[in-house]
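Enquirer: whatever this is, show me its structure:
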Amino acid sequence: MKKGKIACILTIVLMITSVSFDSKVLALKDKSDQEHSLTNYNYSEWYWTETEVLTPTSGLESWYPEMAIDSQENIHAVWRDKQDFGSISGTDSDIWYMKWDSTTEAWSSPFLISEDSTASAFCRDPKIVIDEQDTIHIVWSDNTNDLLGSGSDEDIFYINYNSITDSWSAIEVVTYQSLALAYLPDMVVDSSGTVHIVYTDMTPFGSVGADMDVFYQTRSNSTGLWSSPNLISTLSDSTSTSSAMTVSSDNIAHFVWMESHDYNSDGTDIDIYYKKKDLNTGLWDSSLILLSPESDGLSSYPSICSDSQNSVHIIWSDQIPSYDSDLLDDLYYASWDSVQEQWSLTTEIITDDSLGETGRSDICVDLFDNLHIIYEDLYFGVGTYRLYHKFKLFGSDEWSQPTYVSSESEDWSSQYQYSLTADSKGYIHSLWADNTDFDGAGTDYDLFYKKFVGSPSSPILLEIYPKSTTDTQVNLRWVDSLGATSYKIYRDTTFIADTSSLTSIGSSSNSSFIDTITSPNTYYYAIVAVSDYGESILSNVVFVEILTESDGHGFFDSFDWSMALTVGGSLLGLQIIVAVTIYFVLSAKIKKLSVKKTSKKTKKKTSKKK
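Expert: Next up, the predicted model:
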């Protein structure tokens, strides 16, 4: 009876381990295929599209552009403009919004954001972010007199757009407690929908002096209430400004800013500082990190982003003679490695190939964790700043050569204020203000836009099983290529090295295709991903042997013995190990129970004798 129970248990264990092991193997294969696909872009053939002018009807100044992209690949842009679009705002400086619809592939008309601003108000420094629910969040600085108790000073204003209800919220005053100049905001929204902003303020809160300091506030997603200002530049007794922030996926808020402070006897020059806060615990890290210790000049305009590994990347403009002896501003880079849990050992110069002087910059990370930067540079000594782009592949130590972004701009023109972001397909989008008279834009500052694009990643064809079959319906499946809109399928009776001499046998808009074979032979298949920007390199090649009914012996004719033996051997080995282990465990328990029962019987017999 006991042996029967053990045999029954072992049978169940063998069945469970077989199913579990097979599922894990398939899951690991799918994950491996996906990771392979995500590293197969050929950036050497990518390019920037032609410039598109977004504000051709503006005859005044379009400045401070920022943009964000939602989950549907719609592009949302905000900027400051003096143009009275639609005769609704006057000629004061207002904040405007427009959207590129990914379905219609067209930009909307400008929409007035700062509608509550007075005619004499001065609006600037807009920022835009989009949360996981596709809610749009916008902040800007505005000196509208006494709006919602804001006073006559310049304050930070906020508004949001709910994509579900298709409605804009009322304007909120973030810095209603401020009594002085509050401007230069940066903003992030975390996974819970909490809005985080960092900004410069001259208000002497508490014991804080009347110098410029960096403050931080949050807006609760559940209550819609703003927190009180939190001082970040706690050690500063001079100017602290140009702050930027990011929140990594582990819920850590990271802050950078420029500050003039003699920290650890590093001098009173302006340096770049870093601080972080754990949003899980609400605690600030006690350490203040000086990122530019080698600099004795002006360290300025920091920009920051975080990747999917929770590593942090920071760039800024600086003069460091030990890196570049020309004493001109260059772009520098530092990073926090979340895996090694340490800062980069040395500061890295990015624009050592520049013959001129670099200025402001922006940085973003794409879905592959590649870094992208856009920056202004007097490259090749053209006499005016131009916009350039560089990227750094994930795991690489090298930055790419610079690519000229503002290629349609005139030699005498000026590019001013710009934004860089990546979409879910890996494309990079750039938006900036430019006074080039391009495509009828005029010589006023207008918004220029272009995109860094290329062919899709190479698709991964899954193996065909069984390898030999009498079935004339061949089912092809593959891992989707990012950016692909369709796929071309190729077939030949010899190995496919290229498709120059082949004609596609069909196409598919999804990740599968059924091919019908009319005659027995060995057939090889390969596919190419297609997008609006080109075709991918050829996929891997798979094959199948189509047999006639007379070639085989029934069912086993199409059976893949090599695969069966491989998988069967692996499963059998694992099952034997598990079964033997359980057998010994159960045997020990049964033996223990037998000993206990024998002991009880012995005690009963002894008791009866007594």
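
Enquirer: could you report the pLDDT at V19?
Expert: Confidence at V19, expressed as pLDDT, is 41.

Enquirer: tell me which residues touch the closest residue to R360 other than its chain neighbours, please.
Expert: Sequence neighbours aside, Y301 is the residue nearest to R360 in space, at 4.8 Å (criterion: CB to CB, 6 or more residues apart in numbering). C-betas here are computed from N, CA, C, even on glycine. Applying CB atoms under 8 Å, 6 or more residues apart in numbering to Y301 gives the contacts S242, M258, W316, S317, G359, R360, S361.

Enquirer: one more time with 10 Å, if that's ok
Expert: 242, 244, 258, 272, 315-318, 329, 331, 358-362, 375-376 (CB atoms under 10 Å, 6 or more residues apart in numbering).

Enquirer: what's the answer for V53, then?
Expert: Counted by CB under 10 Å, 6+ apart, V53 has contacts 62, 408, 434, 436-442, 446-449.

Enquirer: neighbour-wise, which one of those leads?
Expert: Counting by other CB atoms under 10 Å, D446 has the largest number of neighbours within those, with 31 neighbours.

Enquirer: who is that residue paired with across the strands?
Expert: Under DSSP bridges, the beta-bridge partners of D446 are D434.

Enquirer: quick one: contacts for it?
Expert: Contacts for D446 (CB under 10 Å, 6+ apart) come out as 53-63, 65, 79, 81, 83, 432-440.

Enquirer: change it to 6 Å
Expert: D446 makes contacts with V53, T55, S58, S62, as judged by CB atoms under 6 Å, 6 or more residues apart in numbering.

Enquirer: repeat that for L327.
Expert: L327 sits in contact with Q319, where contact means CB under 6 Å, 6+ apart.

Enquirer: quick one on the thing from earlier: hmm, which of the contacts of D446 is lowest in pLDDT?
Expert: S58 (82).

Enquirer: what about it, how many neighbours?
Expert: The burial count for S58: 23, using other CB under 10 Å.

Enquirer: any idea how far D444 is from the closest residue to it other than its chain neighbours?
Expert: Excluding its sequence neighbours, the residue lying closest to S58 (CB to CB, 6+ apart) is Q83, at 4.0 Å. From Q83 across to D444, the span is 9 Å (CB to CB, to the nearest Å).

Enquirer: which neighbours do these two share?
Expert: Contacts common to Q83 and D444, judged by CB under 6 Å, 6+ apart, are L60.

Enquirer: and V312, what is it in contact with?
Expert: By CB under 6 Å, 6+ apart, the contact set of V312 is H254, S306, W336.

Enquirer: ok, what's across the strand from it?
Expert: Under the criterion used (DSSP bridges), V312 bridges to S306, W336.

Enquirer: strand partners (parallel or antiparallel) of the helix or strand that contains K277?
Expert: If you go by DSSP states H and E, K277 is part of strand 270-278. Its sheet considered, strand 270-278 pairs with strand 252-260 (antiparallel), strand 283-284 (antiparallel), strand 289-290 (antiparallel) by DSSP bridges.

Enquirer: neighbouring contacts of the first one?
Expert: Applying CB under 6 Å, 6+ apart, the external contacts of strand 252-260 come out as 198, 214, 232-233, 236, 238-240, 242-247, 268, 270, 272-279, 300, 302, 304, 312, 314.

Enquirer: buried subset of the residues you listed as a ChimeraX selection?
Expert: ChimeraX command restricting these to the buried ones, with burial defined by 16 or more other CB atoms under 10 Å:
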select :198,214,232,233,236,239,240,242,243,244,245,246,247,270,272,273,274,275,276,277,279,300,302,304,312,314
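
Enquirer: setting aside sequence neighbours, what's the nearest residue to E535?
Expert: The nearest residue in space to E535 (CB to CB, 6+ apart) is V528, at 5.1 Å.

Enquirer: buried residues, the strand or helix carrying the one you found. List them.
Expert: Using DSSP H and E, V528 sits in strand 521-531. For strand 521-531, the buried set under the neighbour-count rule, 16+ other CB under 10 Å, comprises Y523, Y524, Y525, A526, I527, V528, A529, V530, S531.

Enquirer: out of those, flag the one nearest to S228.
Expert: S531 (49.0 Å; CB to CB).

Enquirer: show me the contacts for that closest one.
Expert: Contacts for S531 were tallied using CB under 6 Å, 6+ apart; they are P456, G483, A484, T485.

Enquirer: who wins for neighbours among the residues you listed?
Expert: Neighbour max across the contacts of S531 (other CB under 10 Å) = P456, 29 neighbours.

Enquirer: you'd agree that one is in a strand?
Expert: No. Per DSSP: H, G, I helix; E, B strand; the rest coil, P456 lies outside any strand segment and is coil.

Enquirer: what about it, distance to L482?
Expert: 6 Å.

Enquirer: then I374?
Expert: 22 Å.

Enquirer: those two: who's more crowded?
Expert: Neighbours around I374 and L482, counted as other CB under 10 Å, are more numerous at I374. The numbers are 26 against 20.

Enquirer: much appreciated, bye for now.
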